[in-house]
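sequence and predicted structure are below.
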Amino acid sequence: MTELGLYLAKKSVNKAAISRRTGISKSRLTQLTSNESTKLRADELYLIALAIDMDPGEMLNEIYKDLQLKNNK
């Protein structure tokens, strides 16, 4: 499961409802929540956040909390 999938599961979100509200297909949501190699686009994250009444920036921070810059020393 992806970080997005874990996040949505923690929030007990219905993917079918997200699909209806955002226009993102159910199959795309399944890819985004279960396949680590699928890249989440910024517009998708924004629409999903709006659909579940979350702040997009807060959601971004939670989903990508482990992402860091490389140390170029």
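The structure has been received and is ready for your questions. Numbers count the residues shown, from 1 in each chain.

please, where are all the helices along the protein?
For the chain, the helices defined by DSSP state H cover 3-10, 15-22, 26-34, 42-51, 56-63.

will you turn the ones you listed into JSON lines that also has distance to Leu69 and mean pLDDT?
All C-beta spots, glycine's among them, are computed from the backbone N, C-alpha and C. Below are the helices of the chain laid out as JSON lines (distance: least, Cβ to Cβ, whole Å; pLDDT from 0 to 100):
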{"stretch": "helix 3-10", "distance to Leu69": "18", "mean pLDDT": "96"}
{"stretch": "helix 15-22", "distance to Leu69": "30", "mean pLDDT": "96"}
{"stretch": "helix 26-34", "distance to Leu69": "24", "mean pLDDT": "97"}
{"stretch": "helix 42-51", "distance to Leu69": "18", "mean pLDDT": "98"}
{"stretch": "helix 56-63", "distance to Leu69": "15", "mean pLDDT": "95"}
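
okay, the ones you listed in CSV with distance to Lys70 and mean neighbour count next?
CSV is the format used below for the helices of the chain (distance: least, Cβ to Cβ, whole Å; neighbours: other Cβ atoms under 10 Å):
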stretch, distance to Lys70, mean neighbour count
helix 3-10, 20, 16
helix 15-22, 33, 15
helix 26-34, 25, 16
helix 42-51, 21, 16
helix 56-63, 19, 15
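
let me have these in TSV, extended by distance to Asn71.
Converted to TSV, those look like this (distance: least, Cβ to Cβ, whole Å):
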stretch	distance to Asn71
helix 3-10	22
helix 15-22	37
helix 26-34	30
helix 42-51	25
helix 56-63	21
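
quick one: residues contacting the nearest residue to Leu60 once chain neighbours are set aside.
Spatially, and ignoring its direct neighbours in sequence, Leu60 is nearest to Leu45 (6.3 Å; Cβ to Cβ, 6 or more residues apart in numbering). Leu45 sits next to Leu4, Pro56, Met59, Leu60, Ile63 when contact means Cβ atoms under 8 Å, 6 or more residues apart in numbering.
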